[in-house]
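Participant: Got a predicted model here, sequence first, then my questions.
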Amino acid sequence: MRVVFRVDSSLQMGTGHVMRCLTLADALQRKGCEIHFVCRELPGHVIAMVERSGHGVSRLPAPAADQDKGDLTATAHTSWLGVPWEDDARETLRALDEIYGVDWLVVDHYALDARWERSLRKAAGKIMVIDDLADRPHDCDLLLDQNFRSNSAGYEQLVPTGCECLLGPRHALLRPEFAELHPLALDKQKYVGDVRKVLVFLGGGDSENVTERVLDVVSALAWKDVSIEVVLGAANPHRERLLDRYRESQQIQFHVHTPHMASLMLDADLSIGAGGGALWERCCLGLPCIVTAIGFNQEEVARQLARHGAILYAGPHKTVSADRWRACLEVAFGFAELRDAMRQRAVELVDGLGAARVASRMLGAGVTLRPVTLEDGPLIFGWRNQPQTRQFFHNPEPLELSGHMEWLQNSLNDPNRHILLGCVGDQPFGVIRYDVVAGQALVSIYLDPEWTGFGMGASLLHCGTAWAKESMSGVRMLCAEVLSGNEASVNAFHNAGYVLEKSTFVCPIAEN
């Protein structure tokens, strides 16, 4: 499967859009997808970083000094594109012409809307939009807004009928190391001691140098035994100034575009940060945080999280005075119970698996089925014999391979039993079985453990239902029995359109 990302970075918009797209791209690549980026050379771009990631990149030319930017009233951020949207669409189409067969086009750009997306329809099988503003219409098949909101984010009137919306921080696009460290954050004991380490990160760009204003306050306070870890993004235009000014400080240590952000967050006792993508990283690792909104799009999310009790919100950065920073720090330092309450509220929101969930949902659109053969026996035996799989079987005891192969041979010879392998491209990920009795088919499924937890069970069931309608003409009802405690299967059957009747899920597939 080929996936193309249309995303930009600049001094004006920062690096967050590119970073979250890279995270999703890496998750898709791990599932076997071929990835390509299309990015414009805007001032302060980080295209070289995208190229170093190993993905293909097409560079769109930088706008000329006298470049016409088109109708600047078209969207709230039209100027961020650098050129009229029509020109960008034509240049993107030319880039896609060199990539044979684009399955998904992922668009992460505040300056692009339904007009641009509609003009790219002919070049891609499906379109996905990553947004967090809900301020313009889209023509897409899938929309992702990872922000914490009190409502459905207002997309009902902005996307076409049939577009699926993935909303909320459960889908936050975080790198794998955050999911790996999340259990440690969950197990972290209640902290009642003093703050010993503060992490400061105000975004990958921080064009207005909020970092320096924060460091002026923190370094002037009386807590000289507190270490301050400062992370600067690759596109920070004030990096050299900051490194030079605090070069002699024994209290402050700088990290430039660090690959160790997750471990820095886990080790810190308190954070000062912006309301962008790093907000969800801090939540995932239960790091109490004083947040300021760098962009207007961060303000509502920060307010919502503050109401939820997950952060301490200082306000929009232009309105936060030195006295306000000092007051927030004194509160955070002085009340261990407040820090612990923020930690608990935050860590419940994000588990770090959002990128894998979104990737699997995209891959689910390409699920195919084929009959299981005897040669598949060892593969599905490995899945079926995993403890996390067999614990929900009627017979949870481990099997021997010889017994499994004998069962499979007999099953393949049984005209009333159908066993199918779910695949994405050439990669198998799950098994679905139908046992036909008197006009009904009893359904059972299990997945490769590496694919569990990301919605692929529902995708497999959806695909199976379509197959059953075509291939089992005498069957009027699909039924499934789910053992108590198997919440993953319960959710999968619900999401695939099955209805619970007493203790059995049913799905009519034919008229009486």
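Facilitator: Great, that's in hand.
Participant: From R476, how far out is the residue lying farthest from the centre of the chain?
Facilitator: The C-alpha centroid of the chain is most remote from A438, which lies 43.7 Å away (Cα atoms, centre = their mean). For A438, the distance to R476 (Cβ to Cβ, to the nearest Å) stands at 10 Å. Just so you know, the C-beta spots here come from the backbone N, C-alpha and C atoms, and that holds for glycine as well.
Participant: try I127
Facilitator: I127 is 37 Å from R476, where distance means Cβ to Cβ.
Participant: now swap in V198 and tell me
Facilitator: With distances taken as Cβ to Cβ, V198 is found 64 Å from R476.
Participant: now do A359
Facilitator: When distances are taken as Cβ to Cβ, A359 and R476 turn out to be 36 Å apart.
Participant: before we move on, back to that, more crowded one of I127 and R476?
Facilitator: Taking I127 and R476 together and counting by other Cβ atoms under 10 Å, I127 has the greater number of neighbours (23 against 15).
Participant: if I pick the residue nearest to the more buried one when sequence neighbours are not counted, what's in contact with it?
Facilitator: By the measure of Cβ to Cβ, 6 or more residues apart in numbering, the closest residue to I127 outside its immediate chain neighbours is C140, 4.5 Å from it. C140 makes contact with 107, 117, 127-129, 159-160, 163 under the criterion Cβ atoms under 8 Å, 6 or more residues apart in numbering.
Participant: List only buried entries from those residues.
Facilitator: The neighbour count (16 or more other Cβ atoms under 10 Å) marks 107, 117, 127-129, 159, 163 as buried among the contacts of C140.
Participant: In strands only, show me the residues you listed.
Facilitator: Within the buried ones among the contacts of C140, membership in strands is found for 107, 127-129, as judged by DSSP state E.
Participant: could I get those residues as CSV with distance to I419 and pLDDT?
Facilitator: CSV is the format used below for those (distance: Cβ to Cβ, whole Å; pLDDT from 0 to 100):
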residue, distance to I419, pLDDT
V107, 39, 98
I127, 35, 98
M128, 32, 98
V129, 38, 98
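Participant: now the strands for the stretch 351-500 of the chain?
Facilitator: Listed in chain order, the strands of the stretch 351-500 of the chain (DSSP state E, counting those that start in this stretch) span 367-371, 417-424, 427-437, 440-447, 477-481, 499-501.
Participant: Which of those strands has the lowest mean pLDDT?
Facilitator: When these are compared on mean pLDDT, strand 499-501 scores lowest, with a mean of 82.
Participant: Given the helix or strand following that strand, what are its sheet partners and their directions?
Facilitator: Next in sequence after strand 499-501, counting helices and strands by DSSP states H and E, comes strand 504-508. Each strand that strand 504-508 pairs with, and the sense of that pairing, follows from DSSP bridges: strand 477-481 (antiparallel), strand 499-501 (antiparallel).
Participant: Let me have the strands of the stretch 351-500 of the chain in CSV, extended by distance to D26.
Facilitator: Converted to CSV, the strands of the stretch 351-500 of the chain look like this (distance: least, Cβ to Cβ, whole Å):
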stretch, distance to D26
strand 367-371, 21
strand 417-424, 17
strand 427-437, 17
strand 440-447, 21
strand 477-481, 34
strand 499-501, 37
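Participant: mind checking which of these is nearest R213?
Facilitator: For these, proximity to R213 was assessed by Cβ to Cβ; strand 417-424 is nearest, at 47.9 Å.
Participant: Tell me the helices and strands packed up against that closest one.
Facilitator: Using 3 or more Cβ pairs under 8 Å, 6 or more residues apart in numbering; DSSP states H and E as the contact test, the elements touching strand 417-424 are strand 367-371, helix 401-412, strand 427-437, helix 456-471.
Participant: Can you give me the domain assignment for the chain?
Facilitator: 2-171, 176-347, 366-508 (automatic domain parsing).
Participant: Just put those in CSV and tack on distance to G354.
Facilitator: Compiled in CSV, those are given as follows (distance: least, Cβ to Cβ, whole Å):
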stretch, distance to G354
domain 2-171, 4
domain 176-347, 8
domain 366-508, 10
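Participant: looking at the ones you listed, which is closest to A355?
Facilitator: Among those, domain 2-171 comes nearest to A355, with 4.1 Å by Cβ to Cβ.
Participant: And the closest one, how far out from the chain middle?
Facilitator: In this view, domain 2-171 has its centroid 15 Å away from the chain centroid, taken as Cα atoms, centre = their mean, to the nearest Å.
Participant: what's the answer for stretch 317-334, then?
Facilitator: 31 Å.
Participant: quick one, phi psi at Y313?
Facilitator: Y313 has phi and psi values of phi -100, psi 120 when expressed as degrees, to the nearest 10.
Participant: For the closest residue in space to it that isn't next to it in sequence, what is the enclosing helix or strand?
Facilitator: Of all residues beyond its chain neighbours, the one nearest Y313 is A306 (3.8 Å), with distances taken as Cβ to Cβ, 6+ apart. Using DSSP H and E, A306 sits in helix 299-308.
Participant: Next, the buried residues of that helix.
Facilitator: Neighbour counts over helix 299-308 (16+ other Cβ under 10 Å) mark 299-306 as buried.
Participant: mind putting those in CSV, distance to G453 and pLDDT included?
Facilitator: Rendered in CSV, the data for the buried residues of helix 299-308 read as follows (distance: Cβ to Cβ, whole Å; pLDDT from 0 to 100):
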residue, distance to G453, pLDDT
E299, 32, 91
E300, 29, 89
V301, 25, 91
A302, 29, 94
R303, 31, 94
Q304, 26, 92
L305, 24, 94
A306, 29, 95
